[in-house]
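Peer 1: what's the 3D shape of this:
(4 chains)
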There are 2 protein chains.
Amino acid sequence: MSLAQIEYFVAVAQEGHVGRAARGLRVAQPAVSRQIRRLEDELGAALFVRTPRGMQLSDAGHVFLAHARAILTSVRDARDALRRERSRT
Amino acid sequence: MSLAQIEYFVAVAQEGHVGRAARGLRVAQPAVSRQIRRLEDELGAALFVRTPRGMQLSDAGHVFLAHARAILTSVRDARDALRRERSRT
DNA sequence: GGAGTTTACGAATGTCGTAACTATC
DNA sequence: GATAGTTACGACATTCGTAAACTCC
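Peer 2: Residues are numbered from 1 along each chain as shown, chains lettered A, B, ... in the order given. All right, here's what the predicted structure looks like:
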């Protein structure tokens, strides 16, 4: 599990669409598609249900989404805290 | 910033010692040393004060440690939640 | 000289993008 | 045939471990 995978996952969950998520992330579709699959493989759970229209969160996906957002928030908090500390002089 | 870097950082912060941290992580010392430096470079802050005896947390390091632990806890929570969901059958 | 950390370098791993493939409407 | 996702493959980047170097007592 990598931070990039978590970012990709959240983007796809929000868009319901690998292509749009990839554009937003400024990355090619296959990169997103691959990372999502690796994440699912590692976690041993299908996070999305593939439909002809796009990707929909599975039950496991809904569970994971909340935690994924918490992780990204923690990372942002860590960066912000250091930025403040650095400019504290 | 990667999850491995954060794990390495927490291990070194706890041990105050790259060598011991590396042994605990089952990884060679240089791997840990390099990742710590890259993390510091990316964050633009020295997380440790190097002493002849080992590594001590800097002020910025103390600030970052709390957030680093929060990130790893979030990751563990995410994994646990999925494990429960998976075994919910 | 010993304890600890960092740099050098080649090997292995991972990730990316383009292009081709599959499937559904 | 258009739309959406995935696989193949070669190129690029990152990470690792071993070995050598540096630093402070």
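
Peer 1: Check whether the helix or strand that contains residue A:24 comes near DNA strand C.
Peer 2: Using DSSP states H and E, residue A:24 falls within helix A:18-25. No. Between helix A:18-25 and DNA strand C, judged by Cβ under 7 Å from any atom of the strand, nothing touches; the nearest distance is 7.5 Å. Yep, even glycine has a C-beta here, placed from its N, CA and C like the rest.

Peer 1: And residue A:49, its phi and psi?
Peer 2: Per-residue torsions, residue A:49: phi -100, psi 120 (degrees, to the nearest 10).

Peer 1: Quickly find the element holding the residue lying closest to it once chain neighbours are set aside.
Peer 2: Closest residue to residue A:49 apart from its sequence neighbours, by Cβ to Cβ, 6 or more residues apart in numbering or on different chains: residue A:56 at 4.8 Å. Residue A:56 is located in strand A:54-57, with elements delineated by DSSP H and E.

Peer 1: Return the distance of that strand from the chain's centre.
Peer 2: Put simply, strand A:54-57 sits 13 Å off its chain's centre (Cα atoms, centre = their mean, to the nearest Å).

Peer 1: Which positions within whichever helix or strand comes after it qualify as buried?
Peer 2: Sequence order places helix A:59-87 as the next helix or strand after strand A:54-57, per DSSP H and E. Within helix A:59-87, the residues scored as buried using 16 or more other Cβ atoms under 10 Å in any protein chain shown are A:60-61, A:63-65, A:67-72, A:74-75, A:78, A:82, A:85.

Peer 1: Is helix A:59-87 positioned near chain B?
Peer 2: Yes. Under the criterion of Cβ under 8 Å from any Cβ of the partner chain, chain B is reached by helix A:59-87 at A:59-60, A:63-64, A:67-68, A:70-71, A:74-75, A:77-79, A:81-82, A:85-86.
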